[in-house]
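Undergrad: coordinates only, no sequence provided:
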C-alpha cells in the first residue's frame with residue numbers, strides 16, 4: 001500500500017525534526033546569526049592526530065561557542081568534545097605572524113604549525129617557518145598585539 005503525505009504535513013514534520021535536532025547539521029537551520037563555520041570547515045583535531053590540514057565532513061559538525069566546527073571522523077569529534085580548548089587555533093584563527101607585526105589578518109588553515117601543543121595559523125605559507133625560527137619572540141609580539149586587540153581595525157582580507 002502506497003501512502004501519500006501532503007505538502008503541509010511534510011513541512012510540519014521536517015520543521016519539527018529540525019527544531020528537535022533530529023536532522024543532521026546540513027539539513028537544519030543555522031543555529032542563529034552568530035554561528036559561523038570555523039576554520040573554513042577544516043578539522044581542528046586532525047592537525048594533532050594526523051599531522052595535516054584536513055577538511056571536515058558536515059556529518060561530523062559540532063557547534064561550540066557560536067562556531068560550527070567540522071571533523072573528518074567521529075573520533076576527532078569525540079576528542080574535541082572532551083577538551084575543545086586543546087584543539088582551538090590560537091588568536092581566534094588570526095595569522096600569528098601578522099599579529100606579531102601588529103596587524104590582524106585571517107589565518108589560512110593550510111598554513112599552520114603546532115608548537116608546544118598549540119595550533120597556530122598563518123596567512124602565508126612562509127609563516128610557519130618564520131615562527132619556527134624564533135617562536136619565543138614571535139609569540140611574545142603576537143601575544144602583546146592580541147592583548148590590545150580592541151584598538152585594531154577589522155581583519156584585512
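TA: Looks like it came in fine. Just so it is clear, the structure is predicted and the values come from calculations on it, not from any experiment.
Undergrad: ok, residues contacting the helix or strand where residue 128 lies?
TA: Taking DSSP states H and E as the criterion, residue 128 maps to helix 127-133. Residues outside helix 127-133 that contact it (C-beta atoms under 8 Å, 6 or more residues apart in numbering): 95, 96, 97, 111, 112, 113, 115, 120, 121, 122, 138, 139. The C-beta positions use only the backbone N, C-alpha and C, and glycine is treated the same way.
Undergrad: give the helix, strand or coil label for the fourth one.
TA: Just to be clear, that refers to residue 111. Recorded secondary structure, residue 111: strand (DSSP: H, G, I helix; E, B strand; the rest coil).
Undergrad: count of neighbours near it?
TA: Burial of residue 111 is recorded as 20 neighbouring residues (other C-beta atoms under 10 Å).
Undergrad: low-confidence ranges, this protein, go.
TA: Within the chain, the segments meeting pLDDT under 70 span 1-33, 150-157.
Undergrad: show me which pair in the contacts of helix 127-133 is furthest apart.
TA: Pairwise distances across the contacts of helix 127-133 (C-beta to C-beta) peak at 16.4 Å, for the pair 111 and 139.
Undergrad: can you list the buried residues in stretch 71-83?
TA: Residues 71, 72, 73, 76, 77, 79, 80 are the ones in stretch 71-83 that count as buried (16 or more other C-beta atoms under 10 Å).
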